[in-house]
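# Mind looking at a prediction? Sequence and model below.
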Amino acid sequence: MQPKNYSIPELNKFIVPETCKLKNCLKTLDKNANGLVFVCNKKKKLIGVITDGDIRRYLIRKPNLNSFVTEVMKKNLVSLPVNSKPEKIREKFSSEIKFIPLVDSNNRIVDMASIYRFSLLPLYEPYLKGNERKYINRCIDSGWISKGEYVKKFEEAFGRKIGANNTISVTNGTTAIQLALVTLGVGQGDEVIVPSLTFAAVYNAVIFSGAKPVMVDINLETLGLNHKLIEKKISKKTKAIIPVHLYGCPVDIENICKIAKKFNLFVIEDCAEALGSYYKKRHVGIFGDAGTFSFYGNKTISTGEGGMVVFKSKKNFNKAMLIKNNGMSDKKAYWHEDYGLNFKMTNVQAGIGLAQVEQFSKILNKKKQISNYYIKKLSKLKTVQLVKTPKECVNSYWLFTIILNDQSKISRDKLIKKFLLNGIEAKRVFFSADEMHVYRKYITRKEIFPNSKLVSANALCLPSFVSLKKPSLDRIISIIERETLQKV
């Protein structure tokens, strides 16, 4: 009596038809082990919900396992549109409501949210299978939740993993860039070369430092800053270059550093999405004057919020340590030697980070298996273009990204909606900065960024989290094949 034709296999464990009898409903409850099922009519429309407690109370009054579920179900239940924002879903959860069916315009269940995740197949989720809880509890038990032993341990462990010495933990990836800029003396009246396609944190950090972002188009194959276009944008005011290793693919950092050296410019590598990526057997982030990393909840390793800066120079490292602590001397309490800000990571965050670093190799290995599977299957598809990682590089594939080409029978935005209707979260890539009015004042009317605009309009990121299994990968790939080729 259990339906087998829902587009998301996992939903079969939570849905029974209105013709289902209680004895079969109990079998479904036993299989999903979550204490509830949703009832749908012949047209697959949601009509009710049943918990194991509802059945127990019913059987006390009327011990008949052959009763239909419609006699027991509650018609009043919480459901939401499938395109509901996470914050909207979150506010509906309570001690009684831990599962929420997500429905289409016809009130048919197409996905399900729970207190554990907002979609059956999210874009990304942290892998917290190590000592995270143990270290957090140690922080709480000791009372050292702000300062503490884990900050230094995390910084040193992270440095060892990427081959860097001067590592500084900070509050997030954006403040990592800000700290690097301030430390290197980038400020009012300066210009900074940035890629036209990246997350806005790069532009915002430059602007709040007092400098002007100068946009350069990307390389269409790697999605990173096109080094061949940089020199045309360099002026007497140019102070630094911020190449971004976007979605995990390394840029041609060697040539960018050569240009920087030629014009006496600083290089700040944005590696927020590139932990585990290598250029000529060296981890990205250690080629320039500074490298910045992010540990947001959707990053390869996460501390919830958090970031790291690595400096090539010990002098800059010492200066940055002073700045991140409000300019206060570490030898004389409340004695401020310089201007500064508070960019300190907490001991609790660092404890999580240390546990994540301990699993770093395992995480990267699993992500490599996922990306290799995507490449194997999707490289044969004529409707999509994959990011091309240079031979001398290792791409960590933070989020696996594809670009729909002109042979695709469906647009990127419509494909994302198809994924959503199948309980899969896929997202568009970042907007090209010149498309957003807040950044347009930093470019001239004649400037165009064709590669950025093409990628912005046609690229999407696919689920890439560590615990993603082969059946789910096959489902994602089959949707791409079916929709882009318009197979019936």
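Great, that's in hand. Residues are numbered from 1 along each chain as shown.

# Buried ones in the helix or strand that contains P471, by neighbour count?
P471 belongs to helix 470-485 when assigned by DSSP states H and E. Counting neighbours by 16 or more other CB atoms under 10 Å, one finds that the buried residues in helix 470-485 are 472-473, 475-477, 479-481, 483-484. From N, CA and C alone the C-beta is placed, and that goes for glycine too.

# what's near enough to touch the residue nearest the centre of the chain?
For the chain, N298 is the residue whose C-alpha lies nearest the centre (CA atoms, centre = their mean; 3.5 Å). By CB atoms under 8 Å, 6 or more residues apart in numbering, N298 lies in contact with 123-126.

# and which of those is nearest to V309?
Of all the contacts of N298, V309 sits closest to P126, with 21.6 Å by CB to CB.

# Quick check: pLDDT value at the residue nearest to the centre of the chain.
pLDDT, N298: 94.

# So, low pLDDT: which residues of the stretch 351-488 of the chain?
For the stretch 351-488 of the chain, the stretches with pLDDT under 70 are 487-488.

# Of the contacts of N298, which is the nearest to E269?
Distance to E269 across the contacts of N298 (CB to CB) is lowest for Y124, with 22.1 Å.

# if we can go back for a sec, make TSV from the contacts of N298 and add distance to E87 to it.
Below are the contacts of N298 laid out as TSV (distance: CB to CB, whole Å):
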residue	distance to E87
L123	16
Y124	17
E125	17
P126	19
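
# Show the buried residues in those.
Judged by 16+ other CB under 10 Å, buried ones among the contacts of N298: 123-126.

# From those, pick the one nearest D54.
Out of those, the member with the shortest distance to D54 (by CB to CB) is E125, at 30.9 Å.

# For the closest one, which residues are in contact?
E125 touches 117, 298, 465, 467, counting by CB under 8 Å, 6+ apart.

# Please apply the same query to A164.
So A164 contacts 158, 283, 285-286, 291, 310 (CB under 8 Å, 6+ apart).

# any chance you could map the strands in the stretch 351-488 of the chain?
Assigned by DSSP state E, counting those that start in this stretch, the strands in the stretch 351-488 of the chain fall at 384-386, 393-394, 400-404, 427-428, 459-462.

# E254: which of these is closest?
Once those are compared by CB to CB, strand 393-394 is nearest, at 10.6 Å.

# Walk me through which strands that closest one pairs with, and which way each runs.
Sheet partners assigned to strand 393-394 using DSSP bridges are listed as strand 278-279 (antiparallel).

# Tell me which other helices or strands the helix or strand bottoming out on mean pLDDT in the chain touches.
Counting by mean pLDDT, DSSP states H and E, the chain has its least confident helix or strand at helix 86-92, which shows a mean of 86. Packing contacts for helix 86-92, counted by 3 or more CB pairs under 8 Å, 6 or more residues apart in numbering; DSSP states H and E, involve strand 80-81.

# Who are the packing partners of the strand it packs on?
helix 86-92, strand 99-103.

# With L29 as the reference, name the closest of the ones you listed.
Comparison of these against L29 by CB to CB identifies strand 99-103 as nearest, at 12.5 Å.

# Show me the contact partners of the closest one.
Applying CB under 8 Å, 6+ apart, the set of residues contacting strand 99-103 from outside is 14, 34, 36, 38, 46, 77-82, 84, 89, 92-93, 109-115, 119, 423.

# In a strand, L181, correct?
No - applying DSSP: H, G, I helix; E, B strand; the rest coil, one finds L181 to be helix, outside a strand.

# What is the burial count for it?
L181 has 26 neighbouring residues, counting by other CB atoms under 10 Å.

# Isn't it up against N204?
No - with contact defined as CB atoms under 8 Å, L181 does not reach N204; the gap is 11.1 Å.

# can you give me the strands in the stretch 201-350 of the chain?
Along the stretch 201-350 of the chain, counting by DSSP E, counting those that start in this stretch, strands occupy 212-216, 238-241, 266-270, 278-279, 282-283, 290-294, 307-311.

# now the buried ones among the contacts of N298 in TSV, with pLDDT and secondary structure?
Shown next, in TSV, are the buried ones among the contacts of N298 (pLDDT from 0 to 100; DSSP: H, G, I helix; E, B strand; the rest coil):
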residue	pLDDT	secondary structure
L123	92	coil
Y124	93	coil
E125	91	coil
P126	93	coil
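
# re the thing from before, against which helices or strands is the helix holding P471 packed?
helix 360-378, helix 412-420.

# if we can go back for a sec, same list (the strands of the stretch 351-488 of the chain) but as CSV, adding mean neighbour count and distance to L22.
Shown next, in CSV, are these (neighbours: other CB atoms under 10 Å; distance: least, CB to CB, whole Å):
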stretch, mean neighbour count, distance to L22
strand 384-386, 20, 47
strand 393-394, 21, 55
strand 400-404, 23, 44
strand 427-428, 16, 41
strand 459-462, 22, 40
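
# between those strands, which one is nearest to G148?
Of these, the one closest to G148 (CB to CB) turns out to be strand 393-394, at 33.6 Å.

# What are the contacting residues of the closest one?
Outside strand 393-394, the residues within contact range by CB under 8 Å, 6+ apart are 249-250, 276-280.

# Next, count neighbours for N137.
Neighbours around N137, by other CB under 10 Å: 12.

# check which helix or strand covers it.
Using DSSP H and E, N137 falls in helix 132-142.

# Who are the packing partners of that helix?
helix 347-358.

# got the domain boundaries for the chain?
The chain breaks down into these structural domains: 9-114, 132-358, 361-485 (assignment by automatic domain parsing).

# List the buried residues of stretch 250-258.
250-253, 256-257.

# how far is it from where the chain is centred?
Distance, stretch centre to chain centre, for stretch 250-258: 25 Å (CA atoms, centre = their mean, to the nearest Å).

# still on that earlier bit, from the helices and strands packed on strand 80-81, which stretch is densest packed?
Compared across the helices and strands packed on strand 80-81, strand 99-103 shows the largest average neighbour count, a mean of 22 (mean count of other CB atoms under 10 Å).
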